[in-house]
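> this one's structure only:
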């Protein structure tokens, strides 16, 4: 893959990500283990850290942007996954589209309207306001969760809107996380546009409709995942997502992400069934090691194709959200990734 | 204008608006004055009714939609205006983009995230949940407002997402409101796409990025406002919005909406200054009658161009939102519209 086209794309994006890098550095300080007296060794983290990306990127069509191309994603997958990672003990950086679903509040967001106020609250005879009995337990549990993770400094939310913001911020976060090596997990659930309107081709003002049909020519966005994997944060584990509406195409595209871009694990999902079923795709060799290590194969079936292992995860009726199962599998893979890295480091030290 | 192209557009839109028409009919029944014993006369409303449209329409690019073109609009203008109309005594139908700003909750929506929970609520030592003191008064006031308007049946929310839904639902609402004549106001604050991908040109599945740059050809959306004005609901008052980033173009486009599409009043706003300044554009003759009738000219300046009256509204620092001033002016115009219609009806009856 061509890292120079990635670099050129990022250089033309008219914005700066320094404030994001600074936020991530402050966040990491909280979680960084004290450096031991030997000095010179890389910093380490007492707990694993995950970057969850979520929501869809926008592609502006005008410099003073009124119109844009958007990718369908409410961000529910990302928000629910972030909750699961927090419950699994991770420090979570949540890079999500402004206004998309957020952890612990996604259920309230979906239907938020004037009626939500009267469904959620009631007024006392003295004008005081109270949470209605039927939602008290659920909301109290959510508040307690949030208080816990915020109190431990385990949650950082970073909002983006455009494709340019998303990729600049992703690079800034990845470079900041690079020193922490295999304890870092990238969980790329955002729906990132494949096409964009180059800044140099953009109209200054809102495109006018007077002149008949509109023809837009969009350039391809350079593939960032392989640059992330090889250059920005090479020791981390990388999990990416494929969403298609055509199941035939879906697995083929997942295979090529594993082979061509060096992604460790691809979560493949089809638009209409994505809340009930996903496929995990990885190199067959990696999967075998994980099967040996993991005991959780009950609800999952395995099939193999062209050196690839495909694991099908289906949500049984008693499981509220498939992200419970999905994140448990990803966490198991990440533990395996960390163990292997530790073993390789020990072996290198023994040889040295 | 060409009503047949509007009809053709609506016929090809692959969805049905019967459920929307049924909701509006039920809503209207609450507000309908009892028909007098003379029979045969049109139904009337004891209070005026406004359709507020809000948020941006999406234009799907694939039949199994993953990507779409969107129009920038959070819907704040529409949500705040709906609040003002409710306070002015109107019955309000709020046709708004799913997930866009909603009346009485828009302030909470903008920044909704996990932190919102801990900012808004605190837990008692027994695990019970309470609204924090600093937001109690504001939230209690919002809940009381909502209880009031819902209790009177004065608020109906209709969500849309795509351009097709928006226009089909608009037609259904307009046809249902037509019998109520001049007491109906259309306040079209939604950002409606000028371009669309015809269903017949759409790819079945997600467009693939493998084949290099993407060229999209979009057709023009037929202008609906003149069809609404002349065919669907001819006796109502029609207020439309123009948003541009180029101020030079803005007033010219507002004039042509008044002249070419028969819009009674155009609210012209520029993207970056829209929360502090708007222009009201109408036929000079209509404006003069209103000036005679209205006493509220303090903060407004008048200028005239090519038979058009342009009124500039600027928000002074002590006014929280410009929609207070804007809706007050629109309500005054609508009262004038209803008076004129009543006078014309009386004159016609005297002649007959």
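Cool, the structure landed. This is a predicted model, so every value here is computed, not measured.

> Residue A:310 - that's part of a helix, no?
No. Checked against DSSP: H, G, I helix; E, B strand; the rest coil, residue A:310 lies outside a helix; its state is strand.

> Can you tell me how far it is from chain B?
20 Å (CB to the nearest CB, to the nearest Å). Just so you know, the C-beta spots here come from the backbone N, C-alpha and C atoms, and that holds for glycine as well.

> got the contact list for stretch A:62-70?
The contact list for stretch A:62-70 (CB atoms under 8 Å, 6 or more residues apart in numbering or on different chains) reads A:56-61, A:162, A:193, A:195, A:199, A:202-207, A:218, B:58, B:61, B:67-72, B:191, B:193, B:243, B:245, B:271-272.

> now the residues you listed: which count as buried?
A:56-61, A:162, A:193, A:195, A:202, A:205-207, A:218, B:58, B:61, B:67-72, B:191, B:193, B:243, B:245, B:271 (16 or more other CB atoms under 10 Å in any protein chain shown).

> ok, the helix or strand hosting residue A:136 near chain B or not?
Element membership for residue A:136 (DSSP states H and E) is helix A:133-151. Yes. Using CB under 8 Å from any CB of the partner chain, helix A:133-151 comes into contact with chain B via A:136, A:139, A:140, A:142, A:143, A:144, A:146, A:147, A:149, A:150.

> Enumerate the positions of that helix that are buried.
Those would be A:136, A:139, A:140, A:142, A:143, A:145, A:146, A:147, A:149, for helix A:133-151 by 16+ other CB under 10 Å.

> Over to stretch A:69-84?
For stretch A:69-84, the neighbour count (16+ other CB under 10 Å) marks A:69-84 as buried.

> so of these, which ones are in strands?
Cross-referencing the buried residues of stretch A:69-84 against strands under DSSP state E gives A:69, A:70, A:71.

> among those, which one has the lowest pLDDT?
pLDDT across these is at its lowest for residue A:71, which sits at 85.

> Point me to the residue of the stretch 251-352 of chain A nearest chain B.
Here the stretch 251-352 of chain A gets closest to chain B at one residue, residue A:271, 6.1 Å apart by CB to the nearest CB.

> wouldn't that residue be in contact with residue A:246 here?
No. Using CB atoms under 8 Å, residue A:271 is not in contact with residue A:246, being 9.4 Å away.

> which residues are common contacts for these two?
In contact with both residue A:271 and residue A:246: residue B:206, using CB under 8 Å, 6+ apart.

> re the thing from before, nearest to residue B:187 among the ones in strands among the buried residues of stretch A:69-84?
Nearest to residue B:187 out of those is residue A:70 (CB to CB; 25.8 Å).

> Look up how far residue B:58 lies from the closest one.
7 Å (CB to CB, to the nearest Å).

> OK, contacts around residue A:132?
By CB under 8 Å, 6+ apart, the contact list for residue A:132 reads A:119, A:120, A:121, A:122.

> Heading C-terminal from the helix holding residue A:136, find the next helix or strand.
With elements assigned by DSSP H and E, the helix or strand that comes after helix A:133-151 is strand A:155-160.

> Mind giving me the packing neighbours of the helix or strand that comes right after that next one?
On the C-terminal side of strand A:155-160, the closest following helix or strand by DSSP H and E is helix A:163-177. Helix A:163-177 sits against helix A:3-12, helix A:18-31, strand A:49-54, strand A:91-97, strand A:155-160, with contacts defined as 3 or more CB pairs under 8 Å, 6 or more residues apart in numbering or on different chains; DSSP states H and E.

> At the contact with chain B, which residues of the stretch 151-300 of chain A appear?
Counting by CB under 8 Å from any CB, the stretch 151-300 of chain A sits next to chain B at A:155, A:157, A:191, A:193-195, A:204-206, A:208-209, A:212-221, A:243-246, A:249, A:271-272.
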